[in-house]
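**Q** Curious how this folds, go ahead:
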Amino acid sequence: MRNIKITLAYDGADFHGWQQQPGVSTIQGALNDAASKITQEKIFVQGASRTDSGVHALGQVGHFKTQSALSALEFQRALNALLPPAIRVTAAEEMGPDFHARWQAQGKTYRYRIFRGRVLPPFDYRRALHYPWPLDEAAMAEAARKFEGEHDFSSFAASSGSEDDDRDRQMVRELFSSEIVREPEREEIAYVVRGRSFLRYMVRKIVGTLIEVGKGRLAPDDIPRLFELRDRSQSGPTVPPEGLYLVSLEFPDPTDSLASAAGRRRGAQP
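**A** As a prediction, this is how the structure comes out:
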């Protein structure tokens, strides 16, 4: 059984998120259908991140197992021939049997676009949040840095819909970086965040809180207090999905694993 890794870009505006669901269009569903047609096998593509309805990706990663003899490049070409134009396989490669797109991801980078101009260009419709009103961007940048490090993000995550599940969820997450970036060539700012894993709606709730800081309704120094409260009703609103992009994923370097294995073999020699 071969293990094929694919890197994906997609416009999520017309899809009900990543995860396959009956009766609606999803990214995973489209991939499963296309790969199954190509191989004449029942294929299930595992994704590194379950992006929500309306969320886009520039560097989503998935993998699937197959007995097909097609090369990774042939899979890339065949998938792109069958997939809708809003989903593209940008790279494909064969991996070892242990590779898993979700469980081996060591880092994820997300970007949320906020268009600040008076008129939203039509090409950015459903691809950026339009907010033309005044914002204190310096205060937002200061507040964004407060999210870096390890924190309990209970105040910045959506409910799972079950009180029991919410109570048992691990809410501590670590963000490696968190910043507001000004796009000098556009009337736009972006929130860029990198971490190992994220809770449901976490990035969108953080952005909503940063906008509240920009409006002056919250201060940068309120962020530590919100962590302590562990109350999602006290933070900002969850902003719409259209501005959110999964930019990239990080995985262990396979050469490191090979080097470690070689070192163990050398160490076992008399």
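**Q** which of the residues in stretch 42-55 are buried?
**A** Using 16 or more other C-beta atoms under 10 Å as the test for burial, stretch 42-55 gives 43, 45, 47-49, 51-55. (C-beta placed from N, C-alpha, C; glycine too.)
**Q** Closest one of those to residue 242?
**A** Closest to residue 242 out of those is residue 54 (5.5 Å), distances taken as C-beta to C-beta.
**Q** The closest one and residue 150, how far apart?
**A** For residue 54, the distance to residue 150 equals 29 Å [C-beta to C-beta, to the nearest Å].
**Q** Now residue 88: phi and psi?
**A** When read as degrees, to the nearest 10, the backbone of residue 88 gives phi -130, psi 140.
**Q** List the beta-bridge partners for it.
**A** Beta-bridge partners recorded for residue 88 (DSSP bridges): residue 9.
**Q** out of the buried residues of stretch 42-55, who's nearest residue 155?
**A** Closest to residue 155, out of all of these and judged by C-beta to C-beta, is residue 52, at 19.2 Å.
**Q** Could you tell me the per-residue confidence at residue 159?
**A** We have a pLDDT of 75 for residue 159.
**Q** same question, residue 264
**A** Note for residue 264: predicted pLDDT of 40.
**Q** for the stretch 1-150 of the chain, what spans make up the strands?
**A** Per DSSP state E, counting those that start in this stretch, the stretch 1-150 of the chain carries strands over the ranges 2-10, 46-47, 56-66, 87-95, 107-115, 129-130, 149-152.
**Q** shaky segments in the stretch 1-150 of the chain?
**A** For the stretch 1-150 of the chain, no stretch has pLDDT under 70.
**Q** Just to check, residue 82 is in contact with residue 37?
**A** Yes. Using C-beta atoms under 8 Å, residue 82 is in contact with residue 37, at 6.2 Å.
**Q** Quickly list the domain ranges of the protein.
**A** Per the record, the chain has its domains at 2-104, 107-249, by automatic domain parsing.
**Q** picking that back up, out of the buried residues of stretch 42-55, what pair is the most spread apart?
**A** Greatest spatial distance in those: 43 and 54, 25.3 Å, computed using C-beta to C-beta.
**Q** Kindly confirm my reading that residue 236 forms part of a strand.
**A** No. Applying DSSP: H, G, I helix; E, B strand; the rest coil, one finds residue 236 to be coil, outside a strand.
**Q** got a list of what it touches?
**A** Counting by C-beta atoms under 8 Å, 6 or more residues apart in numbering, residue 236 touches 205, 207-212, 218.
**Q** again, only using 10 Å
**A** 155-156, 204-215, 217-218, 226 (C-beta atoms under 10 Å, 6 or more residues apart in numbering).
**Q** Also residue 22?
**A** When the contact criterion is C-beta under 10 Å, 6+ apart, the partners of residue 22 are residue 29.
**Q** Tell me which stretches of the stretch 101-250 of the chain form helices.
**A** 137-145, 163-168, 202-215, 222-229 (DSSP state H, counting those that start in this stretch).
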